[in-house]
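# how would this look folded up:
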Amino acid sequence: MTQKSKNLICLWYDHDAEGAARFYAQTFPHSSVDAVHRAPADYPSGKEGDVLTVEFTVLGVACIGLNGGHAFKHSEAFSFQVATGSQAETDQYWNAIVDNGGEESQCGWCKDRWGISWQITPTVLTEAFTHPDKAAAKRAFEAMMGMQKIDIATIEAALRA
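Modelled structure (predicted):
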């Protein structure tokens, strides 16, 4: 194994870790598929020669995808949080995930077609929550609560209101 790091995020997939890794590599900068490893023998959810693990990087974070079968499902208890600097960048990542078989959720969260949760979070939103004017922070927070994909202009307007 050619691991880049001793500490990897291991993500369990039913069977398509390689497809997920390739999508992430195409979608996000500083992302790549680093190695694909095949099973040396049959195992409970696959056969010898099937893709067993995929080493990949997402936005500079080392990960390994394990094709483990249907035993475990992803939940929102784990998510990738992607800080974006503009509405265009927010739209780009959100739309890539949702338009590739994913689903929208609330407050900047969405889920990819493999069940991994993503928080596409403009830095403006994070700054709004920590704004020294507590009333402004509250308005921005309340505006966000009604959103799926974050609308930066609406957050900025709430701060100014």
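
# In this protein, which residue is most central in space?
W118 (3.4 Å; Cα atoms, centre = their mean).

# Is that residue located within a helix, as I assumed?
No. Going by DSSP: H, G, I helix; E, B strand; the rest coil, the assignment for W118 is strand, not a helix.

# send the alpha carbons of stretch 142-156 over as CSV?
Extracted C-alpha coordinates of stretch 142-156, given in CSV (Å, rounded to 0.1, in the frame of the first residue of the first chain):
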residue,chain,number,x,y,z
GLU,A,142,-32.3,32.7,10.8
ALA,A,143,-31.9,33.4,7.1
MET,A,144,-29.7,30.3,6.7
MET,A,145,-32.2,28.1,8.5
GLY,A,146,-34.6,28.5,5.5
MET,A,147,-32.1,27.6,2.9
GLN,A,148,-30.9,24.5,1.2
LYS,A,149,-28.0,25.7,-0.9
ILE,A,150,-26.5,28.8,0.8
ASP,A,151,-27.3,32.1,-0.9
ILE,A,152,-24.5,34.5,0.0
ALA,A,153,-26.4,37.6,-1.0
THR,A,154,-29.2,36.7,1.4
ILE,A,155,-26.8,36.1,4.2
GLU,A,156,-25.0,39.5,3.5
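
# Do a quick rundown of the helices in this protein.
Here the chain has its helices, by DSSP state H, at 17-27, 87-99, 123-129, 134-145, 152-160.

# returning to what we had before: wait, the residue nearest to the centre of the chain touches I97, no?
Yes. The pair W118 and I97 passes the contact test of Cβ atoms under 8 Å, sitting 5.7 Å apart. All C-beta atoms are positioned from the backbone trio N, CA, C, and that covers glycine.
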